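>>> got a structure for you, letters missing:
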């Protein structure tokens, strides 16, 4: 199919032919932009050709609509998830075209981009200075591109994203507990908070000897476990907008684990798949009643969100909060950059709007 014909049909929001299906995430981006997907196996399988066609289609549509061109990069599974919900449209229903960045080709040959959108925490690597995780060379190349092209907006800047990585001092475990004031039970989380399967493998330690056989990637950080009636709230923030979603969480645990006969010293879990639930801990304390409700106060969440906006200066972020069962105090237990926005209402339009605002804000400075 001639390129011009493919472009015209794409602009008519009907059909586009691909030269390859190997880049599944790019195909998904077009499919869920309202385009019919046609495989043409007689053509050469070439990711570069496919990405070139995508960029050409988007750029042509951009010329017709005066839309902003966003180059993006993230792991394929995340890209497919966002594209399936219409968050990475090739065409520009809200004035923004999204195209995947091809790191196999010089970035200079793919622009000019108005915005570079990334999920840098998908590409965190360990072994940096003082064992702190750092971003991959691919992500660093995006920052270099925007530095060489100040007219291109990077959402968000890497130094701001680094602030929400899990950090904790390196020390021998018992000394660390004593120095930090953390009491058992506590949660052990890998310091690399995203981008690898190990990032979500955690453990709850109920007794000190439980630290000896931890199945958690190191280095790791420790976090005081707060009884919160088994309810966690995920707060999604996109620019000035916010949405809260309730999730099931770990049930209340005994305050002094050594007095809870039969409880394990440690139990591991994957935070993306399944959390330890009440049935797992029975019959060790069947008599304990788990109070209903979380006690979340939206006015407190508003204050927390505004404070995090000021502190991190991020456009796209989310955090998890729990409410302590006996005090009503709200605790932030995790902060992450560019979350899934699964329950966020009208997420596709909200993302386009916030990117346009970031672009015009920087251009006006």
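Here it is on my side, so go on. Just so it is clear, the structure is predicted and the values come from calculations on it, not from any experiment.
>>> So which residues of the stretch 51-200 of the chain form strands?
68-73, 96-100, 115-118, 124-125, 134-135, 153-155, 186-190 (DSSP state E, counting those that start in this stretch).
>>> Adding distance to residue 346, mean pLDDT and mean neighbour count, write those strands out as JSON lines.
Bear in mind the C-beta positions are built from the backbone N, C-alpha and C, glycine included. Converted to JSON lines, the strands of the stretch 51-200 of the chain look like this (distance: least, C-beta to C-beta, whole Å; pLDDT from 0 to 100; neighbours: other C-beta atoms under 10 Å):
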{"stretch": "strand 68-73", "distance to residue 346": "18", "mean pLDDT": "90", "mean neighbour count": "23"}
{"stretch": "strand 96-100", "distance to residue 346": "14", "mean pLDDT": "87", "mean neighbour count": "26"}
{"stretch": "strand 115-118", "distance to residue 346": "18", "mean pLDDT": "94", "mean neighbour count": "23"}
{"stretch": "strand 124-125", "distance to residue 346": "30", "mean pLDDT": "72", "mean neighbour count": "18"}
{"stretch": "strand 134-135", "distance to residue 346": "30", "mean pLDDT": "77", "mean neighbour count": "20"}
{"stretch": "strand 153-155", "distance to residue 346": "19", "mean pLDDT": "93", "mean neighbour count": "23"}
{"stretch": "strand 186-190", "distance to residue 346": "32", "mean pLDDT": "85", "mean neighbour count": "22"}
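>>> between these, which one is nearest to residue 316?
For residue 316, the closest of the strands of the stretch 51-200 of the chain is strand 153-155, at 6.8 Å, according to C-beta to C-beta.
>>> what residues does that closest one touch?
114-118, 142-143, 146, 315-316, 355, 358-359, 362 (C-beta atoms under 8 Å, 6 or more residues apart in numbering).
>>> circling back: export the strands of the stretch 51-200 of the chain to a markdown table and tack on distance to residue 230?
Converted to a markdown table, the strands of the stretch 51-200 of the chain look like this (distance: least, C-beta to C-beta, whole Å):
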| stretch | distance to residue 230 |
| --- | --- |
| strand 68-73 | 36 |
| strand 96-100 | 38 |
| strand 115-118 | 35 |
| strand 124-125 | 30 |
| strand 134-135 | 35 |
| strand 153-155 | 35 |
| strand 186-190 | 15 |
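>>> Tell me which of these sits nearest to residue 219.
That would be strand 186-190 among these, by C-beta to C-beta, at 7.8 Å.
>>> Give the next helix or strand downstream of that closest one.
Beyond strand 186-190 in the direction of the C-terminus, DSSP states H and E gives the next helix or strand as strand 201-205.
>>> and the residue nearest to residue 230 when sequence neighbours are not counted, which of the three is it?
Excluding the flanking residues, the one nearest residue 230 by C-beta to C-beta, 6 or more residues apart in numbering is residue 251, at 4.4 Å. Using DSSP: H, G, I helix; E, B strand; the rest coil, the structure places residue 251 in coil.
>>> picking that back up, which of the contacts of strand 153-155 count as buried?
114-118, 142-143, 146, 315-316, 355, 358-359 (16 or more other C-beta atoms under 10 Å).
>>> And these, which is closest to residue 345?
Checking those against residue 345 with C-beta to C-beta, the nearest one is residue 316 at 15.8 Å.
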